[in-house]
Every structure is written in C-alpha cells, then in structure tokens.
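S.K.: Build me a model:
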Amino acid sequence: MVADEYVEVDLDLWHDRFALHGIDLLLRGGGPDGETTDTGTAYLRRSDLWAAGRRARGSLEEAVTALYMCAAWLSAHPTRSGITRRFPDFRVPRRRDGSRWQHTSADGFPLVLYEVVDLVDSPGEALNLLKYGAPWGRGAGGVPDLGYPLASLYLSSLAMAWSDQWIVPVDPAGVGTLIHAGWTEVDSFSRLTPRRFERYQEVVHTWAAQSGVDPLVVEMWLVRAWHERCALNSPWAASIQVPRGRRSP
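M.R.: This next block holds a predicted model:
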C-alpha cells in the first residue's frame, strides 16, 4: 500500500527549472503504459523513491537525483507539505580557504547527501547532519532549502535499502494527529528538532508494534486522519461526509 502511493509529476517543468538554474540532472518516472519516461507527465511512486535511495550510496550524483525525486513527489502530493513555492536549490558555494578537504562537489552539492547513509541507523543524527552539517568539527554546513518533511522523506528512502530500521517521514499533518491524540512532547510542528524527530520515530514505531503493522502504514494513516478530521470540521462538512461503512478515497 505504501509502495504504490503515487503522484503525477510534470517532468518537463522540473527539467526546465534544472536548465534555468544550470543543474545537469534528469528525472524519470512511469509513463501511462508502465514504461519509463523522462518527458511529459509521469507517475512517481514511493517505491521509485526507495529505488533511488538504493542507488544513492557512494554516488553524489545519484544522491542528488534521489533528493530531487523526493522533492518532486512531495511537491505534487495533494495532502503533504514541505516544499516551498520557489524551486529548491540544494547547492552551496565551495570554500576557498586553501583547505584540502571540501564539503561540496564541484557543482556545489553538499557531500553530506551521500555521507548520511552511514548514519541512517540513528535518525536524529542523520537529520541533524542533513540540516545543519557535519558534527565532527569540519565546519560543513547543511543542505539549504531542506525542511523536515523533505529531509525525512529522503532519509526514509535511504533507510529502505541501507538500514534494518524503518525511518518514517514527518509531516505537519501527521504530527498534528499525534498532538490531537495526546502527544505532549511537541506542541506544534514548528517546534520540531532532530531530537524530537527521533522521539517521533519512537512513538510511531510503538504504535505500529501495538497495531501489528509497518511503521510506514501508521505514518500514512496519521496524515490521512488529520485531513479527514479537518474535512469533517469544515463549514462544508455536511456535503462531504462519508457514509457509514465506507472510507474516503
């Protein structure tokens, strides 16, 4: 169910933006007949993100591609948030301080994008590395234009291939459902930190173990539950209420 969660993405629009910003990158998705395509409207599934995460280890180019695939999926999803209206540019300037060690590629993409694979067994540390940079005194900054929803979706994709532990994405709607259910460690999504993100992982995993399902299924339900509750509480609820015995699409 999670693997088949898909969105429609305008690949031509993304490629035009890449060209405008001087980024040499090509995204691919599924065509209407199941073929792989890099033009027009394509379908991106969560399983496509997992496959991209599998290719990201050891290759910064593949890691950048996986991150932009996550960004495209997230920006096209009707019930998820985390991508700003402007085009996300994940590059940073290279340092010119004479140091032999560089924290970015020649194109400006932070090396932490594929280095983080070695930390996916510790979600809080991995998220901290992506957002704020290397914690080992090397002075590397984090990845710009990277909020918690996108960073966590990227880590989730990496973990599917390179960790025995599930990492579930974090979305304002999912956190809102947990708060509504009584979670008091975070009072709003804006107060999220890498440490609280790790606690969020623990809470979702606990719910999953008690329910006998995968943590990714619980996360999907948290997001859907928030939007279903908002719809029922809206002024137009009378016209969109779901009949008993049926679930909303």
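S.K.: show me the residues around the spatially most central residue of the chain that make contact.
M.R.: For the chain, the residue nearest the mean C-alpha position is residue 153 (2.1 Å; Cα atoms, centre = their mean). By Cβ atoms under 8 Å, 6 or more residues apart in numbering, the contact list for residue 153 reads 49, 70, 73-74, 82, 169. All C-beta atoms are positioned from the backbone trio N, CA, C, and that covers glycine.
S.K.: next one: residue 25
M.R.: Residue 25 makes contacts with 18, 64-65, 68, as judged by Cβ under 8 Å, 6+ apart.
S.K.: before we move on, what about residue 105?
M.R.: Going by Cβ under 8 Å, 6+ apart, residue 105 touches 60, 111.
S.K.: quick one: it and residue 111, what's the gap?
M.R.: Counting by Cβ to Cβ, to the nearest Å, the gap from residue 105 to residue 111 is 7 Å.
S.K.: overlap in contacts of those two?
M.R.: Here residue 105 and residue 111 share the contacting residues residue 60, scored by Cβ under 8 Å, 6+ apart.
S.K.: Name the nearest residue to residue 91, ignoring sequence neighbours.
M.R.: Residue nearest to residue 91 in three dimensions, not counting chain neighbours: residue 108, with 3.4 Å by Cβ to Cβ, 6 or more residues apart in numbering.
S.K.: Pretty sure residue 201 sits against residue 174.
M.R.: No. Contact criterion Cβ atoms under 8 Å: residue 201 and residue 174 do not qualify, at 11.6 Å.
S.K.: give me the number of residues near residue 8?
M.R.: Number of residues near residue 8 (other Cβ atoms under 10 Å) recorded here: 10.
S.K.: same thing with residue 143?
M.R.: Neighbourhood size, residue 143 [other Cβ under 10 Å]: 24.
S.K.: before we move on, what about residue 67?
M.R.: Using other Cβ under 10 Å, residue 67 is surrounded by 28 other residues.
S.K.: Residue 164 too?
M.R.: Count around residue 164 with other Cβ under 10 Å applied: 7.
S.K.: Residue 199 too?
M.R.: Residue 199 sits with 15 neighbouring residues when counted by other Cβ under 10 Å.
S.K.: residue contacts, it?
M.R.: Applying Cβ under 8 Å, 6+ apart, the residues near residue 199 are 185-186.
S.K.: Then residue 30?
M.R.: Residue 30 makes contact with 6, 36-37, 42-45, 48, according to Cβ under 8 Å, 6+ apart.
S.K.: could you pull out the helices for the chain?
M.R.: Counting by DSSP state H, the segments of the chain that form helices are 11-20, 46-55, 60-76, 112-115, 123-132, 148-162, 172-180, 194-211, 215-232, 237-240.
S.K.: Next, format the contacts of residue 30 as TSV and append distance to residue 189 and pLDDT.
M.R.: Output for these, formatted as TSV (distance: Cβ to Cβ, whole Å; pLDDT from 0 to 100):
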residue	distance to residue 189	pLDDT
6	25	95
36	35	94
37	35	96
42	30	97
43	28	97
44	24	97
45	26	97
48	26	97
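S.K.: Quick one, which of those are buried?
M.R.: With burial judged by 16 or more other Cβ atoms under 10 Å, the buried subset of these is 6, 42-45, 48.
S.K.: re earlier: where among the helices of the chain is the average confidence lowest?
M.R.: For these, mean pLDDT drops lowest on helix 237-240, to a mean of 41.
S.K.: So which of the contacts of residue 30 belong to strands?
M.R.: Under the assignment DSSP state E, the contacts of residue 30 contribute 6, 36-37, 42-45 to strands.
S.K.: about what we covered before: out of the helices of the chain, indicate the one that is most buried.
M.R.: Comparing these by mean neighbour count (mean count of other Cβ atoms under 10 Å), helix 148-162 ranks first with a mean of 24.
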